[in-house]
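Build me a model from this:
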Amino acid sequence: MDTEQDRCRLVLIAPQIADMKTQEKAIADALRGGDVASVILPQFDEPVEAFQERAELIVPMIQNYETAAIIAGDTRVAGRVKADGVHVEGGGVEALADAMERFSPRMIVGGSAPRTGTRRWGWGTKPGLCFLWKA
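As a prediction, the model looks like this:
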């Protein structure tokens with residue numbers, strides 16, 4: 001009988017490393033270190049074409065570890081590289097609701113409050129990271 005395990009799992013945010021192969025190795029090393037639920041791959045300030053090339057290399061590797069690959073940045077890249085989800089930064093609750101409407105249930109939708117605090121999202125002093133999906 002399969003039972004769902006109730007346990008805490010890690011969410012990793014990929015570091016900003018210019019060399020794609022070095023970044024891929026750093027993420028793979030981290031994935032071997034523990035029970036990771038998902039890895040957020042941020043676009044940072046990279047142009048869309050370069051970010052897509054990076055994501056094409058790294059997303060399948062993340063998924064090979066049975067870990068969800070989440071794209072933070074251009075959502076078109078998430079679809080093109082078959083990522084498991086998108087992560088919305090900024091835009092408030094409206095941006096998160098829009099992403100839920102557009103991408104869920106086929107993708108995980110995550111969001112984070114601005115670095116200045118979670119109050120602008122109406123979360124008070126709660127944690128500044130949230131993942132949502134429709135069953």
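
make it CA atoms for all contacts and neighbour counts henceforth
Noted.

Now do the SS call for Val59.
helix (DSSP: H, G, I helix; E, B strand; the rest coil).

Next, the closest residue in space to it that isn't next to it in sequence: secondary structure please.
Once flanking residues are discounted, Val59 sits nearest to Ala69: 5.7 Å by C-alpha to C-alpha, 6 or more residues apart in numbering. At Ala69, secondary structure determined by three-state DSSP is strand.

Check the gap between Ala69 and Val93 for me.
For Ala69, the distance to Val93 equals 23 Å [C-alpha to C-alpha, to the nearest Å].

higher neighbour count, these two?
Ala69 (27 against 17; other C-alpha atoms under 10 Å).

For the more buried one, which residues count as its bridge partners?
Judged by DSSP bridges, the bridge partners of Ala69 are Val39.

I'd say it and Asp84 touch.
Yes: contact status for Ala69 versus Asp84: in contact at 5.2 Å, counting by C-alpha atoms under 8 Å.

sorry, back to before: kindly provide the distance from the residue nearest to Val59 to Val36.
11 Å.

what do you get for Ala18?
23 Å.

Quote the end-to-end distance of stretch 67-86.
14 Å.

wait, I meant stretch 64-77
OK, stretch 64-77 end separation, C-alpha to C-alpha: 19 Å.

Residues touching it, excluding its own?
For stretch 64-77, contacts defined as C-alpha atoms under 8 Å, 6 or more residues apart in numbering pick out 31, 36-44, 48, 51-52, 55, 59, 62-63, 78, 83-89, 108.

Would you mind giving me the PyMOL syntax to select the buried ones in those residues?
Selection command for PyMOL covering only the buried members of the contacts of stretch 64-77, criterion 16 or more other C-alpha atoms under 10 Å:
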select buried, resi 31+36+37+38+39+40+41+42+43+51+52+55+59+62+63+78+83+84+85+86+87+88+89+108
